[in-house]
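Novice: Please work out how this folds:
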Amino acid sequence: MLSRMVLERSVVQWGHQMVSAVDGEAARVVLQTQNVDVCILDWDMPRMTGIELCKWLKSSESKTVPYVIMLTSNCRPEDVKAGYEAGADDYIVKPGDLKYLRRKITAVAEKVCPEQTERQKASGTADAGLTPLDIHLSNARLLRRSES
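Specialist: As a prediction, the model looks like this:
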């Protein structure tokens, strides 16, 4: 619980907007109706596990599939393999390194919103090149891209 709160606070401080869902099934509904750039999934979510949600995301017919980061305490080699086989783009074992996570989110931000990132860097308003992204956090917290 504490690590989740630290993660949420950190991501918001990095300049992202958050939308929440109570479980994996509710997250799937949100993902069907909103543009999401990054999903940070916990393996052990109620009603739909992170692995199930990741498989669903990667098999969906949506044009834009989010970058998926599996953030979980499941650290056995076979768990990591299962995460990647389900379609995760990255796998971070809890307690995760926030600096590494921030670098990953920054890299996605630069790919998703390059013009906005460049404008922010030029104006001096960028925080290490970060822009508001859609991010799905463990237990189905979501961050949405600003409509600009």
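
Novice: For the longest strand along the chain, name the packing helices and strands.
Specialist: Looking across the chain with DSSP state E, the single longest strand is strand 67-72. Using 3 or more C-beta pairs under 8 Å, 6 or more residues apart in numbering; DSSP states H and E, the elements in contact with strand 67-72 are strand 38-41, helix 50-59, helix 77-86, strand 90-93, helix 98-112. Using the backbone N, CA and C atoms, a C-beta is placed for each residue, glycine as well.

Novice: Of all these, which one comes closest to residue 9?
Specialist: Residue 9 lies closest to helix 98-112 among these, at 10.2 Å (C-beta to C-beta).

Novice: Buried residues, the closest one. List them.
Specialist: 101-102, 104-106, 108-110, 112 (16 or more other C-beta atoms under 10 Å).

Novice: Please apply the same query to stretch 72-84.
Specialist: Neighbour-count burial for stretch 72-84 [16+ other C-beta under 10 Å]: 72, 74, 79-80, 82-83.

Novice: Just the CA atoms from it would do, formatted as CSV, please.
Specialist: What follows is stretch 72-84, C-alpha atoms only, in CSV (Å, rounded to 0.1, in the frame of the first residue of the first chain):
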residue,chain,number,x,y,z
THR,A,72,5.2,-6.6,-9.6
SER,A,73,6.7,-8.5,-6.7
ASN,A,74,6.7,-11.7,-8.9
CYS,A,75,10.4,-12.0,-9.5
ARG,A,76,11.1,-15.6,-10.5
PRO,A,77,12.6,-16.0,-14.0
GLU,A,78,9.5,-17.8,-15.2
ASP,A,79,7.3,-14.9,-14.0
VAL,A,80,9.4,-12.4,-15.9
LYS,A,81,9.2,-14.6,-19.0
ALA,A,82,5.4,-14.8,-18.6
GLY,A,83,5.2,-11.0,-18.3
TYR,A,84,7.1,-10.5,-21.5
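
Novice: Can you measure across stretch 56-69, start residue to end residue?
Specialist: Stretch 56-69 has its terminal residues 14 Å apart, counting by C-alpha to C-alpha, to the nearest Å.

Novice: buried ones in the helix or strand where residue 28 lies?
Specialist: Per DSSP states H and E, residue 28 falls inside helix 24-33. By neighbour count on 16+ other C-beta under 10 Å, the buried set for helix 24-33 is 24, 26-28, 30-31.
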